[in-house]
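Visitor: build me a model from this:
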Amino acid sequence: MKMTSISMYSLLLFVLIFEYKVLGLNIERELYDDENDSLDDEEREVLTKRQYWQGTYYYGTYTKDSFNVYYNGQKISGASVTSFQVLNYGYAKDSFNVYFNGQKISGASVTSFQVLNYGYGEDRFSVYFNGQKISGASVTSFQALNYGYSKDSFNVYFNGQKISGASVTSFQVLNNGYAKDSWNTYYMGKKV
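Guide: All right, here's what the predicted structure looks like:
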């Protein structure tokens, strides 16, 4: 008698778990089903959430299935499924390449690449903003600051673009896109 009740409870528990999983899968499929989406939602694995920075930049979603890696539903040609990892601010890498928003970054070093913040990244040889190499930026002294500003020993940058005439030694980021140095005030990288 005792064995029968344990078996009944086990069977009931199994049925409830099975129905929950099937019901949950159907609800998920309905929530994420998109007739324009070519990916199989059951096989796809979401790797990162969407990220925003001050409403200015949009970093999409990387996903993968058993055979391919995708960025916003578009296949990333040549990406390695087994070694692919999402970093941050739209950056990702596998054993062979570094990516920004699903595009390979030409010449970026996989072994030394790291994400800084606000769209900036660096490897042993170069500094990048939103996947684009910042010409002339010094890797050894580069600092990603705030609100898109950055600097190295020689220049100040906004969104990866050099701010002509800005003083590196006195440059300070204020709030909401404002910054200043000893001679000027800047808003979103432009003198005001």
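
Visitor: which stretches of this structure form helices?
Guide: Using DSSP state H, the helices found in the chain span residues 2-32.

Visitor: for it, what are the low-confidence residue spans?
Guide: The chain contains residues with pLDDT under 70 at 1-58.

Visitor: tell me the bridge partners for the residue lying closest to Asn68 once chain neighbours are set aside.
Guide: Counting by Cβ to Cβ, 6 or more residues apart in numbering, the nearest residue to Asn68 once its immediate chain neighbours are dropped is Lys75, at 5.1 Å. Where C-beta positions appear, they are placed from N, C-alpha and C, glycine not excepted. When bridges are taken as DSSP bridges, the partners of Lys75 come out as Tyr70.

Visitor: got a list of what Tyr149 touches?
Guide: If a contact means Cβ atoms under 8 Å, 6 or more residues apart in numbering, then Tyr149 has Val156, Tyr157, Phe158, Phe171, Val173, Ala179, Gly189 as its contacts.

Visitor: ok, and the closest non-adjacent residue to it?
Guide: Nearest residue to Tyr149, sequence neighbours excluded (Cβ to Cβ, 6+ apart): Val173, at 5.0 Å.

Visitor: and for Gly136?
Guide: Asn155 (7.1 Å).

Visitor: what's the local residue count around that neighbour?
Guide: Neighbouring residues of Asn155 were enumerated by other Cβ atoms under 10 Å; the total is 19.

Visitor: so it makes contact with Ser167?
Guide: No: counting by Cβ atoms under 8 Å, no contact exists between Asn155 and Ser167, whose distance comes to 10.3 Å.

Visitor: domains of the chain?
Guide: The record assigns the chain these domain ranges, following automatic domain parsing: 1-33, 38-133, 143-192.

Visitor: so how many other residues sit close to the nearest residue to Tyr59 once chain neighbours are set aside?
Guide: For Tyr59, ignoring the flanking residues on the chain, the nearest one in space by Cβ to Cβ, 6+ apart is Gly90 at 3.8 Å. Residue crowding around Gly90 was assessed by other Cβ under 10 Å; the count is 25.

Visitor: Ser106 now?
Guide: Neighbouring residues of Ser106 were enumerated by other Cβ under 10 Å; the total is 9.

Visitor: swap in the one 5 residues further on?
Guide: Here the count is done by other Cβ under 10 Å, and Thr111 has 9 residues near it.

Visitor: now swap in Phe158 and tell me
Guide: The number of residues packed near Phe158 is 22, by other Cβ under 10 Å.

Visitor: contact partners for the residue nearest to it when sequence neighbours are not counted?
Guide: Among residues not flanking Phe158 along the chain, Gly189 sits closest, at 2.7 Å (Cβ to Cβ, 6+ apart). Going by Cβ under 8 Å, 6+ apart, Gly189 touches Gly148, Tyr149, Tyr157, Phe158, Asn159, Gln161, Ile163.
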